[in-house]
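Colleague: Fold the following.
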Amino acid sequence: MTENAGTSDIQARATGLIAFLGLGHMGGPMAANLIKAGHEVIGYDPVPAAVEAALAHGIPMASTAHEAAAEAAVVLTMLPSGKHVLDAYRGVDGPGLLSVVKPDTLFLDCSTINVDEAREAAALAVEGGHRSVDAPVSGGVVGAEAGTLTFMVGALPEDFDTVKPILELMGKRIVHCGDHGAGQAAKVCNNMILGVSMIAVAEAFVLGEKLGLTHQALFDVASNASGQCWALTTNCPVPGPVPTSPANRDYQPGFAGALMAKDLRLALNALESTGVAAEMGPLASRIYDAFAAGDGAGRDFSGIITEIRDKSV
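Modeller: Reported below is the predicted structural model:
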């Protein structure tokens with residue numbers, strides 16, 4: 001096959017039927033954007049509310065995951081955990097997705113899972129005669145709805161070329177991070193930075209309150225000095241300085257505390273498996289685990305400032 005023929009084959013595959021499995025708060029808007037762009041999509045989700053929302057957005061729905069995936073060129077999964085992904089691939093009480101799809105199907109997992117689980121899923125797909133890409137996302141529900149997500153992609157170069165046109169319809173930044181599992185590796189590192197930085201920003205605002213600083217004064221200084229970061233300038237944990245931040249909506253997510261706790265546990269798993277001598281990451285994980293154990297689970301993760309303020313003398 002010539003190079004040009006190979007490129008044409010990649011483009012043809014990218015326009016085939018996409019089975020979208022997992023149509024929750026993130027998956028539903030992502031699938032809707034594919035539909036709006038003219039892609040042929042069939043969805044599946046076991047949750048009735050997700051099915052109802054998907055149908056309202058014009059997404060055709062299958063009655064089972066197997067039915068959705070059987071004729072697909074791409075099987076896109078957006079599932080809660082690595083166990084869900086691996087169980088879907090292998091099957092639990094019956095055949096898994098890998099055994100019911102057409103040969104050389106591309107499995108595109110956009111879930112956020114352990115790096116080791118992503119690599120295991122890729123190995124299973126390849127052993128089954130298929131292709132695999134891990135592409136977790138950043139940008140939250142707002143980014144999913146607006147089609148402005150960032151995708152961190154772990155894939156072979158030729159498979160990255162296949163999925164990039166699809167991902168570009170759901171996101172504005174697509175980064176090829178390396179081979180299988182590299183997308184998850186980048187996601188876990190990024191979100192560890194985010195969790196740690198949000199705690200630091202929240203602590204600084206509570207300290208500023210104690211020292212008599214207004215929120216605006218601290219923001220005006222830090223946002224233009226060495227304290228500048230996304231947790232401050234985009235997701236500011238106090239109302240006022242950034243009108244679009246969740247703090248102005250009583251911490252409605254956004255990115256929920258339960259999701260941050262989950263991602264930091266994934267970071268903790270990676271730290272432990274690699275032997276990295278980290279202290280801030282594990283501490284942030286414990287803080288967000290406690291936050292998510294209460295009503296913080298459903299609040300934006302920037303709501304951690306209320307916990308800090310309540311515990312302060």
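
Colleague: mean confidence score for stretch 246-266?
Modeller: Averaged over stretch 246-266, pLDDT sits at 95.

Colleague: Buried residues in that stretch, which are they?
Modeller: 246-247, 251, 253-266 (16 or more other C-beta atoms under 10 Å). Every residue, glycine included, has its C-beta placed from N, CA and C.

Colleague: among these, which are in helices?
Modeller: Using DSSP state H, Gly257, Ala258, Leu259, Met260, Ala261, Lys262, Asp263, Leu264, Arg265, Leu266 are the members of the buried residues of stretch 246-266 that sit in helices.

Colleague: need those residues in TSV with distance to Asn224, can you?
Modeller: Output for those, formatted as TSV (distance: C-beta to C-beta, whole Å):
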residue	distance to Asn224
Gly257	29
Ala258	33
Leu259	30
Met260	27
Ala261	31
Lys262	33
Asp263	29
Leu264	29
Arg265	34
Leu266	33
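
Colleague: Among these, which one lies nearest to Ala155?
Modeller: Nearest to Ala155, judged by C-beta to C-beta, of these is Leu266 at 19.5 Å.

Colleague: State the pLDDT value of the closest residue to the closest one other than its chain neighbours.
Modeller: Nearest residue to Leu266, sequence neighbours excluded (C-beta to C-beta, 6 or more residues apart in numbering): Val188, at 5.1 Å. In this prediction, Val188 carries a pLDDT score of 96.

Colleague: tally of neighbours for Val188?
Modeller: Neighbourhood size, Val188 [other C-beta atoms under 10 Å]: 25.

Colleague: correct me, but it touches Leu268?
Modeller: No. Counting by C-beta atoms under 8 Å, Val188 stays clear of Leu268, with 9.4 Å between them.

Colleague: Show me which parts of the helix or strand where Lys164 lies are buried, residue by residue.
Modeller: Using DSSP states H and E, Lys164 maps to helix 157-167. Buried residues in helix 157-167, counted by 16+ other C-beta under 10 Å: Asp159, Phe160, Asp161, Thr162, Val163, Lys164, Ile166, Leu167.

Colleague: Distance from the chain centre to that helix, please.
Modeller: Relative to the chain's own centre, helix 157-167 is displaced by 18 Å; criterion: C-alpha atoms, centre = their mean, to the nearest Å.

Colleague: who touches stretch 244-262?
Modeller: 112, 140-142, 191, 194-195, 198, 234-240, 242, 285, 288-289, 291-292, 296-306 (C-beta atoms under 8 Å, 6 or more residues apart in numbering).

Colleague: Show the end-to-end separation of it, please.
Modeller: Length of stretch 244-262, first residue to last, C-alpha to C-alpha, to the nearest Å: 25 Å.

Colleague: Enumerate every residue touching Glu209.
Modeller: With contact set as C-beta under 8 Å, 6+ apart, Glu209 has these partners: His215, Arg309.

Colleague: May I ask you to confirm that Leu194 is in contact with Ala231?
Modeller: Yes. Between Leu194 and Ala231 there is a contact under C-beta under 8 Å: 6.5 Å.

Colleague: and Arg309, how many neighbours?
Modeller: Other residues within reach of Arg309, judged by other C-beta under 10 Å, total 16.

Colleague: With Ser226 instead?
Modeller: Using other C-beta under 10 Å, the number of residues around Ser226 comes to 6.

Colleague: Assign a three-state SS to it, would you?
Modeller: Following DSSP: H, G, I helix; E, B strand; the rest coil, the label given to Ser226 is coil.

Colleague: Touching, Leu17 and Glu40? I think so.
Modeller: Yes. With contact defined as C-beta under 8 Å, Leu17 reaches Glu40; the gap is 4.9 Å.

Colleague: quick revisit: Provide a ChimeraX selection command restricted to the buried entries of the contacts of stretch 244-262.
Modeller: Buried residues among these (16+ other C-beta under 10 Å), as a ChimeraX selection:
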select :112,140,141,191,194,195,198,235,236,237,238,242,285,288,289,291,292,296,297,299,300,301,302,303,304,305,306
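
Colleague: Sitting in strands, which of the contacts of stretch 244-262 do you find?
Modeller: Judged by DSSP state E, strands contain none of these.
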